[in-house]
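[1] predicted model, plus sequence, below.
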Protein chains: 2
Amino acid sequence: MGDTPGNTGMGSGGEPTLEEQIAAYQREFQDLDPQVEKIVSALSRLNRRMNVAYGRQTSALGISNAEWEVLKALVLSGAPYRLGPSDLAKRLGLTPAAMTHRIDRMVTEGLVTRERDESNRVRVIVELTGEGREKWLEAMRLASVFEEDLLQDLSPDERTALGEVLTRLLRRVEDAQPDAGGRLSDLD
Amino acid sequence: MGDTPGNTGMGSGGEPTLEEQIAAYQREFQDLDPQVEKIVSALSRLNRRMNVAYGRQTSALGISNAEWEVLKALVLSGAPYRLGPSDLAKRLGLTPAAMTHRIDRMVTEGLVTRERDESNRVRVIVELTGEGREKWLEAMRLASVFEEDLLQDLSPDERTALGEVLTRLLRRVEDAQPDAGGRLSDLD
DNA sequence: ACTTCGAACTTTATCTTTGAAGTCTTCGGT
DNA sequence: ACCGAAGACTTCAAAGATAAAGTTCGAAGT
């Protein structure tokens, strides 16, 4: 059957390619630099694909992507692998309530422990277990293979340049959004 | 360095900087190219920040980020701005059930209409309303300003190079994940 | 024409996250 | 010492997403 009127060449089957999407932006919104849109669209798609890939890997290890994020934050915090719920929440961009529930699950799965801080009894300490650390290591091994494979086609110079440019962009957004863990309440 | 044992220099206050995070990866997982990790971490952070920014803009217009995604898909589909729920779901990486509910809300808000396809009565057609198109345009105006500002520091050559490299990376993931709208059921 | 298969969407139950209120501890002023 | 305010976490109700089963219609084989 011919195309549904109004389509740029795809059946109504699936996601348009990046090129088709850029063309569509030009068609629907002329005040837009195609170069800019190409970068932004590619960034966003790339991220989605990467998250799907991470999701496959973590679920193969019996944990969820959400749990992996918590393990990551704890490991990266260093040595005794302990953080408070509110700190974790800030790092992951979640509300404190969500953090409470997520920790609940992870405690029952044996990935972390939760205890009250004896010196400061309002505070709670979440600590990585050996099993949790082991899971993170396994996930990291998979992730590093995937990441290396992703960048395989880039020369060392290209990698350096890409890292530098992305860092520059990141700095720019972070300066514009001082805190912004994910809440946007401070919107004046 | 006389820091709290286990911390790389931050109090337990907030999110570590990108540089601190790279250093932590080196400390905790040596089999990792810091260059690779820098790129991947910056990509992921950049995306989170951008989504926060988009969220502020869309909520200022009285719609959610989720609704904006639907409007975007419809507009980009071209001319009569019609798509079926399952096609929309594929493009947004959602399950069909989520799509049904999201369309429900958007219909009551007047952003889209839902009707049965008369020639194919199993099918449903979701069509953008004038108001929906108007909302998308307003959001686009805000977004394009933000995006242009984000890339302000990049020279034309750098923009070209960045677009090219990201496209190359995207192609690589997409080749590795043929379909993958977001479901990972076909994992055999 | 009848039946069966399959596709497109919806419904139901469950899980996760959010926002708002609630509890408990600490700190600072009187 | 006492009292009130602020902070850290939890609980509760409600929104949004997923998974699995259910419905309905069209198409293909007999």
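    Happy to help now that I have it.
[2] get me the contact residues on chain A for DNA strand D.
    Proximity of chain A to DNA strand D (CB under 7 Å from any atom of the strand) is limited to residues A:84-87, A:96-97, A:99-101, A:103, A:114, A:122-124. C-beta coordinates here come from the backbone N, C-alpha and C atoms, glycine included.
[3] any idea how far the residue nearest the centre of chain A lies from chain B?
    The residue lying closest to the centre of chain A (CA atoms, centre = their mean) is A:N51, at 6.7 Å. Distance, A:N51 to chain B, using CB to the nearest CB, to the nearest Å: 9 Å.
[4] could you do A:E69 as well?
    For A:E69 relative to chain B (CB to the nearest CB), the value is 10 Å.
[5] before we move on, which element is that residue in?
    Per DSSP states H and E: A:E69 is located in helix A:65-76.
[6] how far is the helix or strand following that helix from where the chain is centred?
    Using DSSP H and E, the helix or strand that follows helix A:65-76 in sequence is strand A:82-83. Distance of strand A:82-83 from the chain centroid (CA atoms, centre = their mean, to the nearest Å) equals 20 Å.
[7] before we move on, what about stretch A:32-48?
    Relative to its parent chain, stretch A:32-48 has a centroid offset of 17 Å by CA atoms, centre = their mean.
[8] check which residues of it are buried.
    A:32, A:35-48 (16 or more other CB atoms under 10 Å in any protein chain shown).
[9] what do you get for stretch A:167-179?
    Buried residues in stretch A:167-179, defined by neighbour count with 16+ other CB under 10 Å: A:167, A:169-170, A:172-174, A:177.
[10] wait, which of these is closest to chain B?
    Among the buried residues of stretch A:167-179, A:V173 lies closest to chain B (CB to the nearest CB), at 4.2 Å.
[11] these two touch, right, that closest one and B:L46?
    Yes - contact criterion CB atoms under 8 Å: A:V173 and B:L46 qualify, at 6.7 Å.
[12] list residues touching both of the two?
    Common neighbours of A:V173 and B:L46 are not found (criterion: CB atoms under 8 Å, 6 or more residues apart in numbering or on different chains).
[13] A:P34: what's it in contact with?
    Neighbours of A:P34 in contact, by CB under 8 Å, 6+ apart: A:22, A:25-26.
[14] confidence score at it?
    At A:P34, the pLDDT value in this model is 94.
[15] for A:E118, same thing?
    Residue-level confidence at A:E118 comes out at 88, pLDDT.
[16] what about it, distance to A:A79?
    Separation of A:E118 from A:A79 (CB to CB, to the nearest Å) stands at 19 Å.
[17] and for A:H101?
    27 Å.
[18] and for A:T17?
    Using CB to CB, we find A:T17 at a distance of 47 Å from A:A79.
[19] more crowded one of these two?
    A direct count of neighbours by other CB atoms under 10 Å in any protein chain shown for A:T17 and A:A79 places A:T17 higher, at 16 against 12.
[20] related to what we said a few turns ago, report the buried members of the contacts of A:P34.
    For these, a burial check counting by 16+ other CB under 10 Å picks out A:22, A:25.
[21] which of the contacts of A:P34 come close to chain B?
    Among the contacts of A:P34, the residues within reach of chain B (CB under 8 Å from any CB of the partner chain) are A:Y25.
[22] end-to-end on stretch A:107-125?
    12 Å (CA to CA, to the nearest Å).
[23] helices of chain A, start to end?
    Remark: helices assigned in chain A by DSSP state H are A:18-28, A:34-60, A:65-76, A:85-92, A:96-108, A:130-150, A:156-176.
[24] reformat those as CSV; add distance to B:G55.
    Listed next are these as CSV, based on distance: least, CB to CB, whole Å:
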stretch, distance to B:G55
helix A:18-28, 20
helix A:34-60, 14
helix A:65-76, 19
helix A:85-92, 16
helix A:96-108, 16
helix A:130-150, 27
helix A:156-176, 13
